[in-house]
Every structure is written in structure tokens, then in C-alpha cells.
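S.K.: Sequence and predicted structure, then a few things I'm wondering about:
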Amino acid sequence: FQVKSENKKTIWNTEEVPEGSEFDDTWDPREKPEYEISFKQHVGTEDVFFGMTGKDPSTACCEEIVIKIKLPETKYSDITLDIQDKVLDLRTPKKKLLLHLPYPVNSKEGRARFLSEEEILEVTLRVSRKLDFINFS
């Protein structure tokens with residue numbers, strides 16, 4: 001297997017470099033915050049009682065990813081959040097999180113809210129899936 005390159009001195013193609021690697025900074029001394037990933041799916045009575053759509057409780061049938069990030073001693077104005085199709089990059093003065101997402105997401109349709117009393121940032125992202133027999137909407 002050979003990869004054709006326009007420049008013979010290059011040692012890899014741009015397709016071989018994972019998305020988000022430009023954000024990875026191993027020398028950054030900031031601490032990584034605690035986070036939790038959960039999945040959401042929208043079900044109706046046709047799913048629960050009749051099983052008509054073929055959905056199951058697995059992550060393959062989920063429509064959204066919800067990421068809850070604990071950010072103690074952080075103000076809303078200190079948070080910088082960048083979301084790409086496969087990467088979430090969060091930075092505050094004391095914390096830094098570079099998270100490679102388990103599924104590609106639609107980076108334009110995400111929502112984020114900061115729960116100041118709990119000091120948690122909740123990010124909800126819509127999963128981008130190819131249409132198949134389960135995900136047809």
C-alpha cells in the first residue's frame with residue numbers, strides 16, 4: 001500500500017492526522033476536569049410498546065451526546081468552548097479538556113449551558129449519523 005503525495009518529502013498525508021490534534025498541548029500544566037458522557041434518544045409509544053422503529057437502548061440508536069463537565073471555582077465568562085465534528089476543546093484559566101468524541105457530531109447544532117450552582121457545564125451535541133435501518137430521520 002503506497003500513498004501518493006504531491007510533495008515527496010512529506011512523511012504523512014493530512015488524512016492520516018486525526019482531527020483535533022492541533023489542540024493537543026502536552027506541555028500545558030492546567031488540570032483536566034472531571035466529566036461524564038451520556039447518550040439521549042427520543043422514543044415514543046411506537047418504540048416502547050410496539051418496537052416498530054427497531055430502536056434499542058444501545059448508543060447506536062442515540063441521537064444526542066450529553067457531556068457534563070465539572071468546573072469548580074469557574075465563572076461563565078472564563079469558559080472557552082470549541083466544538084468540531086469529532087473533538088470538544090474546553091479551556092478555562094485553571095482547567096483544560098481535549099475530548100475526542102465517540103461519534104461525529106453536528107458542530108453547528110450544539111447547545112451549552114452553565115449551571116452555576118452546581119458548577120457544571122452541560123454540552124448537548126446532535127450526533128451525525130448516516131441513514132440506515134435504525135437511524136432514518
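M.R.: Looks like it arrived, so ask away.
S.K.: Quick one: find the helix or strand in the protein with the lowest mean pLDDT.
M.R.: Lowest by mean pLDDT, DSSP states H and E among the helices and strands of the chain is helix 45-48, with a mean of 68.
S.K.: Would you mark the buried spots in the helix or strand just after that one?
M.R.: Counting by DSSP states H and E, the next helix or strand C-terminal to helix 45-48 is strand 64-70. For strand 64-70, the buried set under the neighbour-count rule, 16 or more other C-beta atoms under 10 Å, comprises 64-65, 67-69. Heads up, the C-betas are built off the backbone N, CA and C, glycines and all.
S.K.: what does strand 64-70 contact?
M.R.: Contacts with strand 64-70, where a contact means C-beta atoms under 8 Å, 6 or more residues apart in numbering, come from 33-41, 88, 90, 97, 99, 101-103, 105, 119-127.
S.K.: Please pick the buried ones from those residues.
M.R.: Buried among the contacts of strand 64-70 (16+ other C-beta under 10 Å): 33, 35, 39, 41, 88, 90, 97, 99, 101, 105, 120-121, 123-127.
S.K.: Go through the residues you listed and flag which are in helices.
M.R.: Using DSSP state H, no member of the buried ones among the contacts of strand 64-70 falls in helices.
S.K.: In strands only, show me the residues you listed.
M.R.: Residues of those located in strands (DSSP state E): 35, 39, 88, 90, 97, 99, 105, 120-121, 123-127.
S.K.: Quick check: the two most widely separated of these?
M.R.: Farthest-apart pair in those is 120 and 127; separation 21.4 Å (C-beta to C-beta).
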